[in-house]
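Participant: Following is a predicted model, sequence given first.
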Amino acid sequence: MQLRKVNIEKVLFLDIETVPQVYEFKDLDDKTAELYLHKNKFIQERDELTNEQVYERAGVFAEFGKIVCISCGIVTEQSGAKSIRMKSFASDDEKELLTEFADLLNRHYNSPFHILCGHNAKEFDFPFIARRMLVLGIDLPAALDIAGKKPWEINHLDTMELWKFGDYKHYTSMSLLCHLFNVPTPKDDISGADVARVYYEENDLERIVTYCQKDVVALIQLFLRFRNEPLVEEEDINT
């Protein structure tokens with residue numbers, strides 16, 4: 001699809017924050033620990049990591065992690081002026097969180113005209129959400145149920161993929177693209193490496209929500225830059 005022709009008001013921009021299902025390696029049951037080490041055997045041996053060190057990556061695997069926040073943003077336009085509205089789903093109860101998010105998709109983003117957009121979302125956010133829904137017994141919304149669909153039938157956009165222009169050689173972070181396009185830095189409080197600590201040690205889910213929402217705002221602004229359009233003004237961002 002041509003980016004300029006996308007109806008931005010039909011796009012749901014989103015980002016997720018994930019943590020390990022248990023905080024430390026020692027808290028895993030024996031079978032889960034065995035399977036985790038088997039999955040990460042190459043990295044552990046290559047980098048000479050302890051079990052505890054290699055477990056720090058657990059939050060990026062849907063088999064060993066869980067979602068604690070999904071933040072969504074939509075863009076509305078009136079008289080040529082754009083504004084951003086945000087909604088976040090955050091809970092210690094992952095099934096409750098994902099059930100509410102699935103309900104949003106089923107009610108408002110279930111037509112061929114609606115689009116989901118994230119950064120590196122085709123490789124991470126979208127499959128992570130779908131996998132966790134399946135594990136928790138939640139029916140996949142149409143927007144995430146892509147089995148058997150042709151590529152042009154999947155209404156997913158990924159700003160990292162858009163930036164590649166067909167080049168598959170390397171990952172480009174959103175932070176780098178935001179810097180390049182003069183988009184305000186999205187994360188000035190914590191980084192992705194801090195999320196598990198903030199969740200398990202500080203029990204500060206609201207701080208994680210704030211962090212996640214900033215990412216979605218930056219994602220939307222980057223998308224606008226890709227269309228050579230002006231950024232949404234700060235006073236028009238409703239979080």
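Facilitator: Looks like it came in fine. Since the model is a prediction, treat every value here as computed from it, not as a measurement. Numbering: from 1, shown residues only.

Participant: rest of the way, CA atoms for contacts and neighbours
Facilitator: Noted.

Participant: just how off-centre is the helix or strand L222 falls within within its chain?
Facilitator: Per DSSP states H and E, L222 falls inside helix 205-226. In this view, helix 205-226 has its centroid 10 Å away from the chain centroid, taken as Cα atoms, centre = their mean, to the nearest Å.

Participant: Could you do stretch 49-66 as well?
Facilitator: 18 Å.

Participant: Also stretch 25-37?
Facilitator: Distance, centroid of stretch 25-37 to centroid of chain: 26 Å (Cα atoms, centre = their mean).

Participant: Would you indicate which residues of that stretch are buried?
Facilitator: By neighbour count with 16 or more other Cα atoms under 10 Å, stretch 25-37 contains the buried residues 25, 33, 36.

Participant: one step back: within its sheet, name the partner strands of the following helix or strand past the helix holding L222 and how each one runs.
Facilitator: With elements assigned by DSSP H and E, the helix or strand that comes after helix 205-226 is strand 237-238. Looking at strand 237-238 with DSSP bridges, its partner strands are strand 81-90 (parallel).

Participant: what mean pLDDT does the helix or strand that the partner strand is followed by have?
Facilitator: Proceeding N to C from strand 81-90, the next assigned helix or strand is helix 94-108, under DSSP H and E. Regarding helix 94-108, the rounded mean pLDDT is 97.

Participant: Quick one: mean pLDDT over the following helix or strand past helix 94-108.
Facilitator: Where DSSP H and E defines the elements, the next helix or strand beyond helix 94-108 is strand 115-118. Averaged over strand 115-118, pLDDT sits at 98.

Participant: If you average pLDDT per helix and strand, which one of the protein comes out bottom?
Facilitator: In the chain, the helix or strand scored least confidently by mean pLDDT, DSSP states H and E is strand 237-238, which has a mean of 90.

Participant: Show me the strands paired with the biggest strand by length in the chain, marking each as parallel or antiparallel.
Facilitator: Secondary structure assigned by DSSP state E gives strand 65-78 as the longest strand of the chain. Using DSSP bridges, the strands paired with strand 65-78 are strand 11-20 (antiparallel), strand 81-90 (antiparallel).
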